[in-house]
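*Asks:* I would like to see how this sequence folds:
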Amino acid sequence: MSKRNSQTAKTAARERLRAEREREAKRAKTRRQIIVALSIVGVLAAAGGVGYAIVQANKPDAWEAAKNAKLVEPANTSGKDGTTVVIGKDSAKKTLVMYEDPRCPACAQFEQTVGSTVDKDVEDGKYKIQFVGATFIDNNVPGVGSKNALSALGAALNVSPEAFLKYKNALYSAKYHPDETEDKFKDDDYLIEVANSVDGLKGNKQFQKAVKDGTYDKWALVLSEKFDTDGKKYDFQGTPTLLMDGKKITGSDGKNTPMTVPDYTAAIDKALKG
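*Replies:* Predicted coordinates:
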């Protein structure tokens, strides 16, 4: 090979090496730009996610929002803010006030044992009943089931007093009433499932919409405030509590709510004569 050809070959090789280095430099620059761009996107996404989480954390939940919502009173109520819920014949001279928390296991026991007697007494015109709902279990055993079920009871009352009573009985029944620690009533679908066992509420779209929309959430909160106010006035804190003529109805022990039919009947007869 001549010196000229050798020199030409070397020059061509250096040129190929230079061109390859330039291409590699461009590829490396492109990779760095992509990495930086992806890093920026990742930071922005993370920041956006944190920002969204902060916004969500600071948003009031449904029950906080309900405190400032417009009050909607169910039909078949009276008194201030629709908190007087009285069911029975106008001819009945006396009224039994019943304080119950939807999640209360003692209330469920009372309804399962004495509830049918109460319903028959009301149907016979022996007395009227006034229902006052409580929600203190939501505070003692964290949850929202008491409030949610009370709101659903408002939706049932808006349908009819009969639907309200039957729905209340169903919620407290052995079949549907959950353990106190199980916040099952927080689920609208479950409340609607229970309602589908009640004449007048089964498949009732208006009722179902009111439950899902929380139409009577504010009313439930206001009604539970009445429980708190009355509890201070008449010196009671728990449920079930029964009052007639401003006096507590107690069983044979003179202290607690009567939880059997004989005990309840004797206590009511005594109160009716008073």
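*Asks:* Phi, psi for Leu243 please.
*Replies:* phi -130, psi 140 (degrees, to the nearest 10).
*Asks:* can you check Val86 too?
*Replies:* The phi/psi pair for Val86 (degrees, to the nearest 10) is phi -120, psi 130.
*Asks:* Assess the claim that Ala149 and Leu191 are in contact.
*Replies:* Yes - applying C-beta atoms under 8 Å, one finds Ala149 in contact with Leu191, separated by 6.3 Å. All C-beta spots, glycine's among them, are computed from the backbone N, C-alpha and C.
*Asks:* would you list every one of the strands in the stretch 151-274 of the chain?
*Replies:* Using DSSP state E, counting those that start in this stretch, the strands of the stretch 151-274 of the chain run over residues 241-244, 247-248.
*Asks:* which of the ones you listed sits most buried?
*Replies:* strand 241-244 (a mean of 22; mean count of other C-beta atoms under 10 Å).
*Asks:* helices or strands next to that one in the packing?
*Replies:* strand 95-100, helix 217-234, helix 261-273 (3 or more C-beta pairs under 8 Å, 6 or more residues apart in numbering; DSSP states H and E).
*Asks:* Using CSV, write out the CA atom coordinates for stretch 96-110.
*Replies:* Extracted C-alpha coordinates of stretch 96-110, given in CSV (Å, rounded to 0.1, in the frame of the first residue of the first chain):
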residue,chain,number,x,y,z
LEU,A,96,-95.5,8.6,75.2
VAL,A,97,-92.2,10.2,74.2
MET,A,98,-89.7,7.7,73.0
TYR,A,99,-86.0,8.5,72.7
GLU,A,100,-84.1,6.0,70.6
ASP,A,101,-80.7,5.9,68.8
PRO,A,102,-80.8,3.8,65.6
ARG,A,103,-77.5,2.0,66.4
CYS,A,104,-78.5,1.4,70.1
PRO,A,105,-78.6,-2.4,70.9
ALA,A,106,-80.9,-1.8,73.9
CYS,A,107,-83.3,0.0,71.6
ALA,A,108,-83.2,-3.0,69.3
GLN,A,109,-83.9,-5.3,72.2
PHE,A,110,-86.8,-3.1,73.4
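*Asks:* What is the neighbour count of Thr117?
*Replies:* Applying other C-beta atoms under 10 Å, we find 15 residues neighbouring Thr117.
*Asks:* Stretch 233-249 spans what distance, first to last residue?
*Replies:* By C-alpha to C-alpha, to the nearest Å, the extent of stretch 233-249 from end to end equals 15 Å.
*Asks:* average model confidence for that stretch?
*Replies:* Mean pLDDT, stretch 233-249: 96.
*Asks:* Quick one: residues contacting Val122.
*Replies:* Ile87, Gly88, Lys89, Ala92, Lys128, Ile129 (C-beta atoms under 8 Å, 6 or more residues apart in numbering).
*Asks:* where does the stretch 1-150 of the chain have low pLDDT?
*Replies:* 1-60 (pLDDT under 70).
*Asks:* which stretches of it form helices?
*Replies:* Remark: helices assigned in the stretch 1-150 of the chain by DSSP state H, counting those that start in this stretch are 3-58, 62-67, 105-123, 137-140, 145-159.
*Asks:* tally of neighbours for the nearest residue to Ser252 once chain neighbours are set aside?
*Replies:* Distances taken as C-beta to C-beta, 6 or more residues apart in numbering put Asp263 closest to Ser252, at 5.6 Å, once the chain neighbours are dropped. If you count neighbours by other C-beta under 10 Å, Asp263 ends up with 18.
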